[in-house]
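**Q** what's the 3D shape of this:
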Amino acid sequence: MGNQVWKPETVINFVNSVAMADGAIVSKTLVDKPAGSLTLFAIAEGQGIAEHKSPYDATVNVIEGEARFDVGGNVHLVKAGEGLIMPANVPHAVLPGSAFKMLLIMIRS
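**A** Alright, predicted model coming up:
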């Protein structure tokens, strides 16, 4: 079964719920259930996530800073307050750049 870190009806400050660490990628899972997951990431300057695929659509919401995503060879700059849906089975990566924080939303279907 899944794991849920936060109780329902809890107000969450996404920006303050995950801390930056120099030269690292920090993640914090908020919800992990069979239907999907919510994971916060703090990605330090110069760090990225190598190209990979997911069997499900992956939605990112940048909550602080800005990030560069390569989705199927197309580079997208996503700023705080913006999101991007990355389609299932399409290679995608988080490209190295400035420090930022994001919420990753995975809905399994």
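
**Q** Out of the helices and strands in the chain, which is least certain?
**A** Within the chain, no helix or strand scores below strand 3-4, which has a mean of 53 by mean pLDDT, DSSP states H and E.

**Q** Check which element follows that strand along the chain.
**A** strand 25-33 (DSSP states H and E).

**Q** Give me the sheet partners of that following strand and which way each runs.
**A** Partners of strand 25-33 in the sheet, by DSSP bridges, are strand 3-4 (antiparallel), strand 36-43 (antiparallel).

**Q** Quickly compare those and say which is most buried.
**A** Highest mean neighbour count of these: strand 36-43, a mean of 20 (counted as mean count of other C-beta atoms under 10 Å). Quick note: C-beta positions are derived from backbone N, CA and C, even for glycine.

**Q** Tell me how far that strand lies from the chain's centre.
**A** Taking C-alpha atoms, centre = their mean, to the nearest Å, one finds strand 36-43 lying 5 Å from the centre of the chain it belongs to.

**Q** swap in stretch 38-45?
**A** 6 Å.

**Q** next one: stretch 38-50
**A** In terms of C-alpha atoms, centre = their mean, the centre of stretch 38-50 is found 7 Å from the chain centre.

**Q** Residue 67 touches residue 93, doesn't it?
**A** No. The pair residue 67 / residue 93 is not scored as a contact, 10.9 Å apart, by C-beta atoms under 8 Å.

**Q** In terms of neighbours, single out the busier of those two.
**A** residue 67 (25 against 16; other C-beta atoms under 10 Å).

**Q** Enumerate the beta-bridge partners assigned to that one.
**A** residue 78.
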